[in-house]
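Undergrad: Pasting the sequence and the predicted model now:
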Amino acid sequence: MLAAAVGAMVMTVAMAGVAHAEADRTVSSNTTGTHNGYYFSFWKDSGDASMTLLADGRYTSRWNNSTNNWVGGKGWATGTRRTVTYSGSYNPGNNNTYLALYGWTRNPLIEYYIVENFGSYNPSSGATRLGTVTTDGGTYDILRSQRVNAPSIDGTRTFYQYWSVRQQKRSSGTITTANHFDAWARAGLNLGTNHSYQIMATEGYQSSGSSDITVREGGGSTNPTTPPPTGSNCTATITPGEQFGDRFNLNVAVSGTSSWTVSLALNGGQSIQNSWNAAVTGTTGTVTARPNGNGNNFGITVMANGNWTWPTITCRAG
């Protein structure tokens, strides 16, 4: 399956040297352009599908069974090894549809997907599996398929599709694209030298559904590693896990000692719902974790209560 966006339109609004937010806009025919600082692409081959462009990196979409194939989303005009954070809702039903970071390269012409969620059809069902990569709190299957005489960004062409398909479905989270690009290269799947667009896309094929997605560049935290205090040989590194509508998981790796105390200073309104592989004391404010015989890696589930900032983490030996 997929997708070539055709046509181009750029919209900017300015008055007296001051930039203003662009009005919401619904598109239902093949087009690309920019909206509120983000690139967008919309393509369909037939039927009733539309995408509404909202503030910043947000868009909504809806489609029904009259649509053979469509794909659209917001992101960037040029793909790169960026870290992408996205959140929202995705309603695939029992249908053939994907939520994915989606892009193209040229030289060679490659269509790629980092699939975060999908409906009834898993792309791995019809592609050649070449391994896995574990990143951003989950494991992805790496696959390759080929499209013969199919629509592309350069007209009807024959080209390969590269896939990373997440085994643990989610509709919000962080995608470290470099980890996927490098895993593909290790499997012999080399992207082209000329990147076209890169968007957080919704796609539907002979199906119906809807989505409400917001995308931005950057990860869940600008400082995932806390340096050890002076005189300590204990380091704790925090990385993101799965994110849900009201809570998020964090993974913690401790190094330098097997006897440690990790302190996690929760932010306002947050509480610990669950923990694993450590003895965790407390549920609000500053909680502590100590080894419980399951090694130096543990995890927590934080109820956000509207506050998605990661806890401040410190570690001391003993």
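TA: On my side now, so go ahead.

Undergrad: so residue 139 sits in a helix?
TA: No: using DSSP: H, G, I helix; E, B strand; the rest coil, the assignment for residue 139 is strand, not a helix.

Undergrad: Identify the bridge partners of it.
TA: residue 134 (DSSP bridges).

Undergrad: Relative to residue 280, how far out is it?
TA: Distance from residue 139 to residue 280, counting by Cβ to Cβ, to the nearest Å: 25 Å. Any C-beta I mention is one placed from the backbone N, CA and C, and that applies to glycine too.

Undergrad: Neighbour count: those two, which is higher?
TA: Between residue 139 and residue 280, counted using other Cβ atoms under 10 Å, the more crowded position is residue 280 (20 against 13).

Undergrad: Nearest spatial neighbour of the more buried one, chain-adjacent residues omitted?
TA: Once flanking residues are discounted, residue 280 sits nearest to residue 289: 4.8 Å by Cβ to Cβ, 6 or more residues apart in numbering.

Undergrad: In contact with that neighbour: list those residues for me.
TA: By Cβ atoms under 8 Å, 6 or more residues apart in numbering, residue 289 lies in contact with 252, 261, 262, 264, 275, 278, 279, 280, 281, 298, 300.

Undergrad: same question, residue 116
TA: 86, 99, 100, 101, 166, 169, 170, 171, 173, 175.

Undergrad: Let me see the contact set for the third one.
TA: This points to residue 100. Per Cβ under 8 Å, 6+ apart, neighbours of residue 100: 113, 114, 115, 116, 200, 201, 203.

Undergrad: I'd like to know how many residues surround the second one.
TA: Which is residue 114. 26.

Undergrad: Tell me if I'm right that residue 170 and residue 118 touch.
TA: No: using Cβ atoms under 8 Å, residue 170 makes no contact with residue 118, being 11.0 Å away.

Undergrad: okay, those two: which has more neighbours?
TA: residue 118 (22 against 19).

Undergrad: any low-confidence regions in the stretch 1-150 of the chain?
TA: Judged by pLDDT under 70, the stretch 1-150 of the chain has its weakly predicted residues at 1-20.

Undergrad: which residue ranges form the strands in it?
TA: 9-10, 14-15, 18-19, 25-27, 31-35, 38-44, 49-53, 58-63, 69-76, 83-91, 97-106, 110-118, 128-135, 138-152 (DSSP state E, counting those that start in this stretch).

Undergrad: Which neighbouring elements make contact with the fifth one?
TA: Where contact means 3 or more Cβ pairs under 8 Å, 6 or more residues apart in numbering; DSSP states H and E, strand 31-35 is packed against strand 9-10, strand 38-44.

Undergrad: Chain neighbours aside, what residue packs nearest to the most centrally placed residue in the chain?
TA: With distances taken as Cα atoms, centre = their mean, the residue of the chain nearest its centroid is residue 175 (4.1 Å). Excluding the flanking residues, the one nearest residue 175 by Cβ to Cβ, 6+ apart is residue 84, at 4.6 Å.

Undergrad: How many neighbouring residues does that neighbour have?
TA: 23.
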